[in-house]
Structures are given as structure tokens and as C-alpha cells.
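Q: Output the structure for:
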Amino acid sequence: MKAYFTVSSFCVASILFLAIFLSGCSATRYLTDDQKLVRRVTINGIDKQFAEQAKLYVPRDIKANSRLNLALYNFFNTKNGKYRKGKIKDIGEPPNLLDSSLVEIARRELEKFLFDKSFFKAKVKQEVRVKNKKAFITFTAFPGQSFTIREFSYDIKDTLVRALYVQNRTSFTKITNGSRYDGDSLRNESKQIFDLLQHNGYYDYKPQYVKFSVDTHLYAGAANVKMTLDNPDNQPAHKVYYLNNTSFLIRGSNGKTEGIADSAVVDSQYFFKDYSHRFNPKTVIRYNYLKKGEKYNVEKKNLTYNRLFDLNVFKNVKIEYRKASDSTNLDVEIETTPMKRLSDKVEGEYTFNSGRRGFNIGNTYTNRNVFGGAEQLDFRVRYGLLLNTALKGKLADRIFNRDIQFAINLTFPRLLTPFNTSRLGKNGVPHTTISTSLQIFDQLSAFKSRLFINSLTYDWVETRTKLHSFTPVNIEYRKGILDEGFKESLRAQNYNLYIRTNDRQYFNLGSLYTYTLNASRLLTYDNFLYFRTSADVGGNTLSLFARALNDKHTFLGLPYLQYVKNELDIRVYRSFGGERQFIARINPGIVYSYGNSGAELPFEKNFYAGGSSGIRAWQARTLGPGNYNRDTLANEEVRRSFTTLDQLGELKLESNLEYRFKLLNNFVGSKVSGATFADFGNVWRIRKSALNPGGEFRFKEFFNQLAIGAGAGLRFDAEYFIVRFDAGFKIKDPQFRGSDQWVLKKFLDKGFKEEYGRTHAPDTYRFVQYNFGIGMPF
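A: Reported below is the predicted structural model:
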């Protein structure tokens, strides 16, 4: 959901004033005489490589508050110069007060931390300075000598476990002779052993069987480390367990097991009971990776969990093992509770931007498990209306455009192909989606479009981070109709190519492919590279058919398109710790028409710039192409009719730099983060166009054709969704020439905006674009 809107300068100034006022309030005025507010905690004497980690050992309750968080808490939770005793509002954070017992705990924890990092004789002293009810805490560390590992040895009683450890140790160990002693390395060794054995049949194995001893008596600055892996009490060795039969129970939607269940036995090892009477046994068992006769493997259990949830038909999944008496066999018990089969979701959206108001309303009906095999049927209806508030008259006279969409998707949790693709389900459930959609779009007094699309799409997961989507068949029928009055205006300006391109019917058969890397990491603070590429090729197959039918330019009596389109999205994410993150993004694209398409494609096949996820200082479809300026259009009526239809291009480049940081831990139940950003880019025409003079790409003029914007924003994280607000400021606008492109210097120039309104009516010039949306921009 997106919307663009304007906010008065008064509102912005009020918000800024309130923030300054809150942060300026005295932080100690509400404290009693015996309370001290922790203002600063300093840790001295610790090596830089451990400094950030050491801060984690200071309890949060005696760390300094964020001034803004504390100011907000004080604003909402004080009365008559005192803190409220009841009806506390969960906004901001309460004051962190000096507590000597917590200071002592922090001192001891810092000593333990230093010991864990090889400083076995470390000491930490504390000092508390109080002034005007404010406490300043200082911890000073005296680390002493750092110890290295002289020799690492191990004693593993079970010979099979020892052999397995020796065989795999080099692939995971962080312990080497001569390296610095580090408790994290020892814990990693224990965890890796646990994971190794849990993957190789050792169902009963626990991490507690591993112990480490450290001997520093004989060597200065060095220690011998010995690992011991014990056997279970009164047992000569650890047992290896094998899987036996699997019982698969599906409860009713109410979570109960009432009545008579549908029962089946599959492959003599799966005992299936379905109290919901909705599922085909072979479908759900396809994603059970717990096979009879195989060694117990925790990864297979987790894989089965994930795949059953991925089917999107179960709300609960439970997997348990039951030991067979006097044997090393494990019977598997899987219990699930299905989701409601039918659901209906209504969504609404209000749009307000640059003199236009409108709404979108949609309804999605979902039927899960249509044929008993976890298939999903979605039927969507959407209606949108945009009004031009600058026009006068009745409501019907102010309609700018309307958009009606119908769509049906049928999704299967497998790849419907003539060959075996079962191995593609290991890293994620693959899907086949058959879809059909119809769009009826009218931009009054300008353009009408009827677009009918049918497609077949395969989605599969190569690894946890690599996603593929392939649409081998994408059939489109489009009928574009230009308003007669608008068409006459176009002919008068010799825009005949635009008329031929958009005022026609066409039939298209194409294929699409998308590859995505690291989409699953987008909401983390990891350091990673995100990559997405998409390719769209249309018309080549139809060209062969048309030639075979001795008709080079039409298929079944309709012209067809020939084009190739490619787009890249490359982002680098870098974490600075403490929920601070920097993102650099580049998003280029190109679409090239050839053969039967001629020099131009219908406008919906082109790229546009601007918008809440692009160059945010410009509203979507109001930037470019190149140096194109809309004052070249004949008059106000033509400009109004061409709105959103003329600022497109075959070349695209958008780039963004964004820094994100946490502001508030809690504001009305949401975590609040801030962002500052700089965006630049544009769209271009590949060939010269009478419609867009100056819009073609010229390498020598590349910088002069770039738009630059910058701004700041807020993100409200409500756990299940993120609400985003950004304000983008125009800095460099390529529609102007020379030094006039640096429009920021004209921010306070009323004459500039008045002159622009006179020469570009009905367009107005906005230095600031406000964007509101759900989710991150990228």
C-alpha cells in the first residue's frame, strides 16, 4: 500500500518544535532526592577489538537512557512535577537509576568476560561520580597478560563418536595450538559436536557430555586445554537411533479429533489419519523427510517442519519421537491443525498527492486446499478512483482516472512438469501458479486500456538464499484507445508515432525469468549483498508462427510485440552495530523494441522514475526522460491529458544511499527508526522522440541529465508490518538547463514557483515530496 501526500510547513515546524521541546526538558526534575539518573557509563582499559562486546555486560537498567526516549516517557508519564504511580503509558523508556548492586554485578561480569577472552588474571575497578542527581559510572579494567593455547587435547570414550569427531573436526573447529584462548571457541566446539551427533543418529546426546579443563600452572602466558566427552551414565557408549514408522495425524479445524477420521497406509510406513477430511495423504507425505530405516537426523526433522508450514495450510505442526521398547528405533508422530479453508480479506487505501485525491478498495477471496493437495485459489477484485481536485463541477466531472482489476490465481505446491522435480523441494516448497487477469483502465479525456493476461509460472528455491521464478508462457491481449480530442491534439503536434503505438490492439506471447539472491536477509542487520535480475522477452515465438503462416506482422489478425527487457537491482547492506545500517543500491534497466514493434512500445512496457521506492523527491512518473521539460507540450489541456503518460523511457538508472538508525524503543507500541538518504537517477529514451525533446540518452550529457534528491524519514515497526514516512527534497532537477538545475537555491523563491505554474499549468512545482508506505523502500 502506498500514498503520497503534502504536509503544511506549519505541521512540520510543529513536529520539530515538539521534538526539540521534549529533548530539552530537564531529565532529573521528576526524581526524588535519593534517586540518581545514570547519564554516562564508560569502560576503560579494554582492547578495541573487545570494547563493543564488553558493553553488553553492563545491565541495561544502569545504561544511559536515550535522551529522546526519556523525554517522551517524561512527557507522557508525569503529573504535577512527579512521575505517575499508575496508568503508565508505554511510550519511550523510564529513567535508568543508579543501583549499586547492579554496578557490582557489571564489574564482576566484566571480569568474567575478560577471563573468557584469555585474560585470566584480569581485575576491574568501579567508580561512581554523582553531580546534580546525575550519575557517571566508570569501569577501569586491568587485563594483565593474555594467554594462548599451548596444546589442545581430547578424551572421547566412545570410539565411534571419536572417529566421527576426528573426521569432521577440521571443518568446524576454531581451536588451534598457539592461538589466543577464547571461551567462544570452546563453546563453538561443544555446539558443533552436538550438531554433528544430532545429524548422525545420536538422538539422546546432550551438550552436557562435553567438559573443558584449562591448565596454566606450568607455562607462563600459555595454557593446556583438554576436552572430555563422557559416555552416558552406566552405558558403554552412546546409542545410534534409527527411524521406524511415521504416524501423521491431521486434526479438525477446531483442533479436535472427533468423529471418524479418513485413514490410509502409504508405502507401509506412513499411517495417515485426517479428521478434517480435506487432505490427500500423498501430498502432505511428499514433504515428510523422515524415512524408515534412516538414522535419526535433526536436520530432516527441521526440514519437515519448514516444508509443512510452507504449504500454507497448517497453523500448527508438532513432531515428536517415541522410543520403541528395548531397541534403538524411533517411531515418528506428526500432528497438525489445519488453517481455515476459506478466507476473505478486504483492503482499502486512500491516495492524496499534488492536487489529486482518490482511493483503492480491493477484496481477496482465498480457498486453501482446493483439491485436497494444498492447492490455493485466490480471486481478487480491485477498484481505484483518482480525482483531480483542481477541477470544478460535479464529482463525475473531476474524475482523473479509474482502474478496475480482476485476477484469479491457482497455485499448486509442486512443479507441474512432465519430469521429476522432487529434489527441488528440499530448500523450499516449489510452486506452479496458473493466473489470469483483466485490467480496465480509463484516464478520462486521454486514454483507455483493456489488458488481458494469462500466464504459467514456476517458482522454486535453489538454496535458502537463491530464489528462481520462471514464466515460460505469458499471453497478453491489449487494446489501447486514445480519446479522439486528445488524438487530434497529438496530430497537431506531429506525435503520430505515439498514436500508432498506443491507439491499437496487440497480441503478445512472451517469457519471464527472475533470479533473487538473499531476499530472506532483508530484515536483518547482517552484512550482505542483495541481487535481483529479471528478463522479459516477447514476440519471438509469435514471429516464427507468423512467418510460417506467411504473415510477417500479425498473428491471428492482430499485430504482436517484439522486445527484450532486463532490470537489475544490486544492493550492499552494511551493519554498524546497534541497529544501525547503511545501504547502497543501484537499479538499472533497459527495454529494447525491434522487429514488429518498431521504434516504440506501449507506455506500460517502459520504465518510469520517482516514487516512494525510487528517487523520492519526485512523485512517480513525474521525472524525465533525460532533460525533457513539459513546457514543450502545446497547452494546459494537452499537459493534463498526458499526465503519467509522457514521462517514461526505455533506459532507467536509479541509485540510492540510505543510512538507518534506531530512534525510539517504544512509541505507541512501535519501535521507531530514522533514515537519511540521497537518491539520484533518471529514465531516458533510446531514440530521439518528438514527444520528449531532450529525453534521449547522451553520454556526454549524463551528469546534466541526472536528478538528485535527498531527505529523511521515519519507520514505525509494529512487529508485523512497518509504516514508513519519507520527505524527499529536490536538489538537482534535469528538466532545467545549466546552473538552473540546482533548484535547492530557489527553495524560498516564490517567483520561481509562480513562473513555473504559469508556463507548466496545470503542473505545479514542489520542492518537497512526502511519501507514505508500508514496508521498507528496499
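
Q: So which residues of this protein form helices?
A: Using DSSP state H, the helices of the chain run over 9-24, 48-54, 67-76, 100-116, 159-168, 183-198, 281-285, 298-310, 484-492, 496-502, 540-548, 636-642, 750-760.

Q: With mean neighbour count as added columns, please give those in CSV.
A: In short, each C-beta sits where N, CA and C put it, glycine included. Conversion of the helices of the chain to CSV gives the following (neighbours: other CB atoms under 10 Å):
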stretch, mean neighbour count
helix 9-24, 11
helix 48-54, 12
helix 67-76, 20
helix 100-116, 17
helix 159-168, 15
helix 183-198, 18
helix 281-285, 19
helix 298-310, 17
helix 484-492, 15
helix 496-502, 17
helix 540-548, 14
helix 636-642, 18
helix 750-760, 13
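
Q: Return the member of these having the minimum mean pLDDT.
A: Across the helices of the chain, helix 9-24 has the smallest mean pLDDT, namely a mean of 45.

Q: Including distance to R150, could the helices of the chain go into JSON lines?
A: What follows is the helices of the chain, written out as JSON lines (distance: least, CB to CB, whole Å):
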{"stretch": "helix 9-24", "distance to R150": "54"}
{"stretch": "helix 48-54", "distance to R150": "22"}
{"stretch": "helix 67-76", "distance to R150": "48"}
{"stretch": "helix 100-116", "distance to R150": "18"}
{"stretch": "helix 159-168", "distance to R150": "21"}
{"stretch": "helix 183-198", "distance to R150": "15"}
{"stretch": "helix 281-285", "distance to R150": "54"}
{"stretch": "helix 298-310", "distance to R150": "35"}
{"stretch": "helix 484-492", "distance to R150": "85"}
{"stretch": "helix 496-502", "distance to R150": "78"}
{"stretch": "helix 540-548", "distance to R150": "69"}
{"stretch": "helix 636-642", "distance to R150": "79"}
{"stretch": "helix 750-760", "distance to R150": "75"}
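
Q: and D233, which of the ones you listed is closest to it?
A: helix 159-168 (15.8 Å; CB to CB).

Q: tell me what the closest one is packed against?
A: Counting contacts by 3 or more CB pairs under 8 Å, 6 or more residues apart in numbering; DSSP states H and E, helix 159-168 packs against strand 148-156, helix 183-198, strand 222-229.

Q: ok, and the closest non-adjacent residue to the most centrally placed residue in the chain?
A: Central residue of the chain (CA atoms, centre = their mean): L522, 4.3 Å from the mean position. Among residues not flanking L522 along the chain, Y530 sits closest, at 6.8 Å (CB to CB, 6 or more residues apart in numbering).

Q: circling back: tell me which of the helices and strands packed on helix 159-168 sits nearest to L651.
A: That would be helix 183-198 among the helices and strands packed on helix 159-168, by CB to CB, at 49.5 Å.

Q: That closest one to strand 222-229, inter-axis angle?
A: 20 degrees (axes from the mean of the first three to the mean of the last three CA atoms, to 10 degrees).

Q: Packing partners of helix 183-198?
A: Identification of packing neighbours for helix 183-198 by 3+ CB pairs under 8 Å, 6+ apart yields helix 100-116, helix 159-168, strand 210-215, strand 222-229.

Q: Pull the residues that contact that helix.
A: 115-117, 161, 164-165, 168, 172-175, 179, 205-207, 210, 212, 225, 227, 229, 238, 296-298 (CB atoms under 8 Å, 6 or more residues apart in numbering).

Q: Just the buried residues of these.
A: Neighbour counting by 16 or more other CB atoms under 10 Å classes 115-117, 161, 164-165, 168, 175, 205, 210, 212, 225, 227, 229, 238, 296-297 among the contacts of helix 183-198 as buried.

Q: what about the protein, any weak spots by pLDDT?
A: Confidence mapping of the chain against pLDDT under 70 gives the ranges 1-26, 218-219, 350-356, 390-391, 393, 422-425, 497, 500, 546, 549-552.

Q: mind redoing it with 50?
A: 1-17, 19-24 (pLDDT under 50).

Q: returning to what we had before: out of the helices and strands packed on helix 183-198, which gets nearest to G611?
A: Across these, closest to G611 is helix 100-116 (CB to CB), at 47.7 Å.

Q: hmm, who's touching that closest one?
A: 43, 46, 50, 53-54, 57-59, 61-62, 122-126, 128, 137, 139, 141, 143, 182-184.

Q: now swap in stretch 147-155 and tell me
A: With CB under 8 Å, 6+ apart, stretch 147-155 has contacts from 118-120, 162, 165, 175-181, 216, 219, 221-229.

Q: Let's see that with 6 Å instead.
A: Stretch 147-155 has contacts (CB atoms under 6 Å, 6 or more residues apart in numbering) with 118, 120, 175, 177-181, 219, 221-228.

Q: Weed out the non-buried ones from the residues you listed.
A: Using 16+ other CB under 10 Å, the buried ones in the contacts of stretch 147-155 are 118, 120, 175, 181, 222-225, 227.

Q: of these, closest to R585?
A: R585 lies nearest to I175 out of the buried ones among the contacts of stretch 147-155, by CB to CB, at 39.9 Å.

Q: still on that earlier bit, dump the helices and strands packed on helix 159-168 into CSV; add distance to R571 as well.
A: Output for the helices and strands packed on helix 159-168, formatted as CSV (distance: least, CB to CB, whole Å):
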stretch, distance to R571
strand 148-156, 40
helix 183-198, 30
strand 222-229, 42
